[in-house]
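Colleague: what's the 3D shape of this:
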Amino acid sequence: MSLQIDALADLARYVSSETRRVRIELEISDEEGKFPTSIDNLVEALPRPRLSDAAKMEPHFKTKNEAIDRNEMEKAIAELSAKLATLPRLTRKVFKFLVERRDHWTTRHSDDFRISDPKRRRIYYSDDIDGDLALLSEADLLNINEPNNHGEAATGAFVFRARPTASISISLTM
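Modeller: Here you go, the predicted structure:
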């Protein structure tokens, strides 16, 4: 019997998945009624946010001669943390990466953080960056806007409301 390599690969995947299924169905539970194979082994654990107060942010705003309301800043930190806690670990790390590797030349006159898409693609190799950006958008941490003029890059902006009258925005040039 002769099979093409694609057919052999499909057959191997099928046999592997069926063997795994049978093995799971034949498992015996331990004394506590728990089985060795559990969905808990496949699901990412929920993060436990560790919040700080706004003390570390005060020096930043002092250098800009801007007063901050510490209670409002702590609320903003808690809100951001709650949004990030709903995201997968890798997406949270992508968010951190976008902030840390931003283009510093675009932040001189404002609190806008930017990273150009060509730069991002060259320093972050991921097949699913679009999925991470979509999750950040769904969490209301990223808004992607189409360019106004033909040939311009699209931008995405991260906005954190620290005060009703001010925000820190991070723009991702795409």
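Colleague: pLDDT weak spots in this structure?
Modeller: Judged by pLDDT under 70, the chain has its weakly predicted residues at 1, 104-117, 143-174.
Colleague: Could you chop it up by domain?
Modeller: The chain breaks down by automatic domain parsing into domains covering 5-40, 54-173.
Colleague: What is the one helix or strand T91 maps to packed up against?
Modeller: T91 is part of helix 89-100 when elements are defined by DSSP states H and E. Packing partners of helix 89-100 (3 or more C-beta pairs under 8 Å, 6 or more residues apart in numbering; DSSP states H and E): strand 113-116, helix 129-138, strand 155-163, strand 166-173. Just so you know, the C-beta spots here come from the backbone N, C-alpha and C atoms, and that holds for glycine as well.
Colleague: about what we covered before: most tightly packed of the domains of the chain?
Modeller: Comparing these by mean neighbour count (mean count of other C-beta atoms under 10 Å), domain 54-173 ranks first with a mean of 14.
Colleague: I'd like to check which residues are in contact with the residue nearest to E27 when sequence neighbours are not counted.
Modeller: Distances taken as C-beta to C-beta, 6 or more residues apart in numbering put F35 closest to E27, at 5.0 Å, once the chain neighbours are dropped. When contacts are counted by C-beta atoms under 8 Å, 6 or more residues apart in numbering, F35 touches 24, 27-29.
Colleague: follow-up on the earlier one: identify whichever of the domains of the chain lies nearest to L46.
Modeller: domain 54-173 (7.1 Å; C-beta to C-beta).
Colleague: mind listing which of the contacts of F35 are in helices?
Modeller: I24 (DSSP state H).
Colleague: related to what we said a few turns ago, tilt between the helix holding T91 and helix 129-138?
Modeller: Angle of helix 89-100 versus helix 129-138, following axes from the mean of the first three to the mean of the last three C-alpha atoms, to 10 degrees, is 80 degrees.
Colleague: Quick check: which element contains the residue nearest to E27?
Modeller: Assigned by DSSP H and E, F35 falls outside every helix and strand.
Colleague: what's the distance between it and A9?
Modeller: Separation of F35 from A9 (C-beta to C-beta, to the nearest Å) stands at 30 Å.
Colleague: could I get the domains of the chain as TSV with distance to L46?
Modeller: Formatted as TSV, the domains of the chain follow (distance: least, C-beta to C-beta, whole Å):
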stretch	distance to L46
domain 5-40	12
domain 54-173	7
